[in-house]
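Visitor: fold the stuff below for me.
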Amino acid sequence: MKITNVETIQNKQYSNIVWVKIYTDEGLVGLGETFRNPEAIVSYIHETCAPYLIGRDPLRVNEHADNLINWTANRYIGYPTRSVEFRGNSAVDIALWDLKAKASNLSLVDMLGGLCRDTIPVYNTCAADGYNWKANSMSRSGVNNKIKDKKVIRDDLELQVLDSGELAQSLLDEGISAMKIWPFDEFAFPSKGQRISNEDLKKGLSRIEKIRNKVGSRIDIMLEYHSLWQLAPALKIAKHVDEFDVFWHEDPINMAYLKDLAEFRSKTIAPVAGSEALGTALWYRDALSVNAIDYMHYDLGWIGGITEAIKISGLAHANNRMMCPHDCTGPIVWIANLHISLAFPTAMILESVRAFYNGFYKNLVTQLPKIENGFAFPMKGVGLGAELKDSLLKSPDTVIKRTDVNDL
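Guide: I've put the predicted structure just below:
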């Protein structure tokens, strides 16, 4: 079997997402995905990945993962990174694993060794339609500026600010017993994370307090900081937050500063999760060596794909840590996260966005995971178990770019 063509697929309605299809001379096609900086990713895939891949055996996934880091970039990609190269490589790697599983007539989870559990619990990241969809935008990061009528509650992102207690109750009503919010982000921007006023601290804390007042300890609260804070204000926030028994502090500071991160972890009650920003296997090696991290929260679409996740799973096992793959992006990465989480016992919980799987994901793929009473169930079928919908591929808003042997 040989690779014959490589395609990238974009749609202007969901312009932050890039899909990759890898075609073979035996008719099998693998599907991958990544997101953010899409135009640069598309250029990289066609300029660098496609010329390397075309004519090669798609089943030699480990070789291709290594070569796309080292050979094609002459080892100049950088470490650890969420660079365009790593994002493009991630989409390619997911597609190659999808293809390999299809060639073996297996689901991806079976290709990875089979189920180690029948279901996995989910937590809800409280985003909303439009969050992270669009390239070259803040994707609704400024929640307060969007609220016109406080009597009208539209989505989870607004509920974070307007009525976090009601948001928590609505999740419990669906059987979801864990939620992630970012109540302090807006206060970091004016000072670039260098300080937080007592007034702003109280505003952020009030959003957590409303959850506890409404539902007590029946729901776990994950706090996301998006790496926005310097160490001192991050510790100030954590000191007050910890009294609400939060589940974790996620990416509280710039996660490249491992000494500071280890100090933060040593001075807080709640564990530290990270890092969607830097979570390669090499970063985890270093973070674990200085006791800076508890939960391994990497993004499959940014770190190198499934091949890298397998390496991270080994580190998690060797260091007695748990994996909680990041997802607030597109459906293919989410589905791949599910396969990994069902295959490896080091996985603990699946990040999910109900506004996405109940919303725009349905416009994009043929099948989605079953979510019931707070748990995700295995996909059916071979490979990932999902394909892009014909309606997406045929949309006038969709741009498909192909490289084949005649273009080389």
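Visitor: find the centremost residue of the chain, please.
Guide: Residue closest to the average C-alpha location in the chain (Cα atoms, centre = their mean): Asp327, at 2.6 Å.
Visitor: find the nearest non-adjacent residue to Ala40, please.
Guide: Val84 (4.4 Å; Cβ to Cβ, 6 or more residues apart in numbering). Every residue, glycine included, has its C-beta placed from N, CA and C.
Visitor: please list all residues in contact with that neighbour.
Guide: When contacts are counted by Cβ atoms under 8 Å, 6 or more residues apart in numbering, Val84 touches Asn37, Ala40, Ile41, Tyr44.
Visitor: need the pLDDT of it.
Guide: Val84 carries a pLDDT value of 90.
Visitor: against Glu47, how distant is it?
Guide: For Val84, the distance to Glu47 equals 11 Å [Cβ to Cβ, to the nearest Å].
Visitor: repeat for Glu351
Guide: Counting by Cβ to Cβ, the gap from Glu351 to Glu47 is 32 Å.
Visitor: okay, these two: which has more neighbours?
Guide: Set Glu351 next to Glu47 and count neighbours by other Cβ atoms under 10 Å: Glu351 wins out with 22 against 12.
Visitor: now the helix ranked longest in the chain, how far from the centre of its chain.
Guide: In the chain, with assignment by DSSP state H, the single longest helix is helix 84-103. Taking Cα atoms, centre = their mean, to the nearest Å, one finds the center of helix 84-103 at 15 Å from the center of the full chain.
Visitor: which strands or helices does the next helix or strand after that helix pack on?
Guide: Following helix 84-103 in sequence order, the next helix or strand is helix 108-111 (DSSP states H and E). Under the contact definition 3 or more Cβ pairs under 8 Å, 6 or more residues apart in numbering; DSSP states H and E, helix 108-111 sits against helix 84-103, helix 331-343.
Visitor: burial measure for the nearest residue to Gly279 once chain neighbours are set aside, as a count.
Guide: In this structure, Gly279 finds its nearest non-sequential neighbour in Tyr298, 3.2 Å apart by Cβ to Cβ, 6+ apart. By other Cβ under 10 Å, 26 other residues sit near Tyr298.
Visitor: state the distance from the residue nearest to the centre of the chain to Val20.
Guide: Taking Cβ to Cβ, one finds Asp327 at 18 Å from Val20.
Visitor: residues in contact with the closest residue in space to Trp182 that isn't next to it in sequence?
Guide: Closest residue in space to Trp182, ignoring its immediate chain neighbours: Glu224 at 4.3 Å, by Cβ to Cβ, 6+ apart. Under the criterion of Cβ under 8 Å, 6+ apart, the neighbours of Glu224 are Thr125, Lys180, Ile181, Trp182, Asp185, Glu250, Asp251.
Visitor: just the CA trace of the helix or strand containing Pro233, in CSV.
Guide: Assessed by DSSP H and E, Pro233 sits inside helix 231-241. The C-alpha trace of helix 231-241 is given here as CSV (Å, rounded to 0.1, in the frame of the first residue of the first chain):
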residue,chain,number,x,y,z
LEU,A,231,3.4,33.5,39.8
ALA,A,232,2.6,35.9,42.6
PRO,A,233,-0.9,36.8,41.5
ALA,A,234,-1.6,33.2,40.6
LEU,A,235,-0.7,32.2,44.2
LYS,A,236,-2.9,35.0,45.5
ILE,A,237,-5.8,33.7,43.5
ALA,A,238,-5.2,30.0,44.5
LYS,A,239,-5.0,30.9,48.2
HIS,A,240,-8.6,32.1,48.1
VAL,A,241,-9.9,29.6,45.5
